[in-house]
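[1] I would like the atomic coordinates for the input below:
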Amino acid sequence: MSTPIIIIGSGLAAYNLAREFRKLDQTTPLTIIAEDAADFYSKPMLSNALAGNKTAESLVLKSASKMATELSAAILPFTEVVGIDTANQQVLLIDGQALVYQDLVLALGADPIYLPLGGNAGDDVVSVNNIQDYAEFAAKLPGLTTVGILGAGLIGCEFANDLLALGIKPIVFEPAAWPLSRLLPEAAGRYLAEQLTAAGVEFHFGLAAQNYDHMEGRYLLGLNDGSIVEVGMLVSAVGLRPRIHLAGSAELDVNRGIVVNKNLQTSNPHIYALGDCAEVMGLNLPFVMPIMHCARALAATLAGTPTAVKYPAMPVLVKTPACPTIVAPPATGAQGQWQITDVESGLDARFVDANGNLLGFALLGAATQQKQTLTAQLPPVLV
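    Next comes the predicted model:
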């Protein structure tokens, strides 16, 4: 039997790559190594699962054993990789095993960023980055009337909207002046804040958390203006940090993510990376659509047809039913300006250059109906 292709990771990136590869190659051995149970679920579903009354168990779409059968793959759950021997093309496991690979794919994901808070309750801050996190988070919700959320980015806003379904008041703390400040122009961000506030979300903008304490059965969050807010629980949603440690220890090139070229190849010719851990030609895009494009391109490469990934325009759907939002941010450094139009029950924001070319947009409320028309006008993200 030939040497296997090994994929480290069992999230959307890993399993979609495996599926795409099996469409092209049914015979090359495939091994998937996971630090968790390796069950297949959709991580993006975690931030709107409460409204659907979903438990962690019901979010699992297929068990690891079923995935192993479907993919004709060896799946190793609860298995920790401690190193990569690039010279001998081996993955080193914590139990001392060394697994030989012909090609290795890093689909390691990303870790939540935690703010360095003072106080005695720092260890009680919750993040929801996987299905086990979700199970623990959901188990703490019964009986709570408020939940504090650090960060009003995508995940923070989505969880805030989702908590409303349980009658829990989300209290969101954001140092910027409006939500989704990295994606939305001010007018659009303020519109989103107004709609979520009307639905029951409480925002504190322009403030940073400093201390988190547990005193006499109460959780108290201290802010940098000296104010103190009581919350039932505190969720960190300030961002994700790509997992680059394993790649760095193997002396692969790393930056914000694991540096790869358009073929998703790292600085080592037999090691590739995709998903939240990868930095593709300077782009680290932790969204579903980039993952799908990468999975198809890399599957073809691993099956013997070197294929560069291309990113078309890929608008991001923000899962905030209280204010449906779709955003296609302009490229970093793009020259132009935002043009804001109020529409009935919505807001239409378009980023255009000096020649009137559309380079990005943000559509909120009823304006989301323009998604298909405007997406067709956008330039590709990566050619």
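
[2] and the helices in this protein?
    12-24, 56-59, 64-71, 131-139, 154-163, 186-199, 245-249, 288-302, 371-375 (DSSP state H).

[3] deepest-packed of those helices, please.
    Mean neighbour count (mean count of other Cβ atoms under 10 Å) peaks for helix 154-163 among the helices of the chain, with a mean of 25. C-beta: built from backbone N, CA, C; applies to glycine.

[4] chain center to that one: distance?
    Helix 154-163 sits 13 Å away from the centroid of its parent chain (Cα atoms, centre = their mean, to the nearest Å).

[5] pLDDT (mean, whole number) over it?
    For helix 154-163, the mean pLDDT works out to 98.

[6] other SSEs contacting it?
    Applying 3 or more Cβ pairs under 8 Å, 6 or more residues apart in numbering; DSSP states H and E, one finds that helix 154-163 makes contact with strand 146-150, strand 169-174, helix 186-199, strand 316-318.

[7] ok so, going back, minimum distance to Thr332: which of the helices of the chain has it?
    helix 288-302 (15.1 Å; Cβ to Cβ).

[8] contact partners of the closest one?
    For helix 288-302, contacts defined as Cβ atoms under 8 Å, 6 or more residues apart in numbering pick out 5, 12-13, 16-17, 19-21, 23-25, 44, 103, 105, 263-265, 272, 274-275, 278, 280, 283, 306-312, 314, 316.

[9] now swap in stretch 157-167 and tell me
    47-51, 128, 141, 147, 149, 152, 169-170, 172, 179-180, 192, 196, 199-201, 235, 237, 318-322.

[10] how much space between His214 and Asn120?
    6 Å (Cβ to Cβ, to the nearest Å).

[11] show me which of those two is the more surrounded one.
    His214 (14 against 11; other Cβ atoms under 10 Å).

[12] what sits against the more buried one?
    Asn120, Ala121, Asp124, Leu220.

[13] who's it bridged to?
    Here His214 sits in beta bridges with Tyr219, going by DSSP bridges.

[14] and it, what's its pLDDT?
    For His214, the pLDDT comes out at 97.

[15] next: Met1.
    Here, the pLDDT recorded for Met1 equals 66.

[16] identify the spatial nearest neighbour of the spatially most central residue of the chain, chain neighbours not counted.
    Geometric centre of the chain, nearest residue: Pro286, 4.5 Å, by Cα atoms, centre = their mean. Spatially, and ignoring its direct neighbours in sequence, Pro286 is nearest to Asp276 (4.3 Å; Cβ to Cβ, 6 or more residues apart in numbering).

[17] still on that earlier bit, now which of the contacts of stretch 157-167 would you call buried?
    47-50, 128, 147, 149, 152, 169-170, 172, 179-180, 192, 196, 201, 235, 237, 318-320, 322 (16 or more other Cβ atoms under 10 Å).

[18] look up how far Gly83 lies from Asn263.
    For Asn263, the distance to Gly83 - Cβ to Cβ - is 24 Å.

[19] and what of Ser267?
    Counting by Cβ to Cβ - Ser267 and Gly83 are separated by 17 Å.

[20] please apply the same query to Gly118.
    Per Cβ to Cβ, Gly118 is found 36 Å from Gly83.

[21] pLDDT weak spots in the stretch 251-383 of the chain?
    Across the stretch 251-383 of the chain, not a single residue meets the criterion (pLDDT under 70).

[22] could you find the closest non-adjacent residue to Arg22?
    Leu71 (5.6 Å).

[23] tell me the pLDDT of the one you found.
    For Leu71, the model assigns a pLDDT of 98.

[24] any low-confidence regions in the stretch 51-200 of the chain?
    Short version for the stretch 51-200 of the chain, where the test is pLDDT under 70: none.

[25] ok, now which ones touch the closest residue to Ile271 other than its chain neighbours?
    Excluding its sequence neighbours, the residue lying closest to Ile271 (Cβ to Cβ, 6+ apart) is Leu104, at 4.7 Å. By Cβ under 8 Å, 6+ apart, the contact set of Leu104 is Ile5, Ile6, Ile7, Ile8, Ile84, Gln89, Val91, His270, Ile271, Tyr272.

[26] buried subset of those residues, written for ChimeraX?
    Here is the ChimeraX selection string for the buried members of the contacts of Leu104, based on 16+ other Cβ under 10 Å:
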select :5,6,7,8,84,89,91,271,272
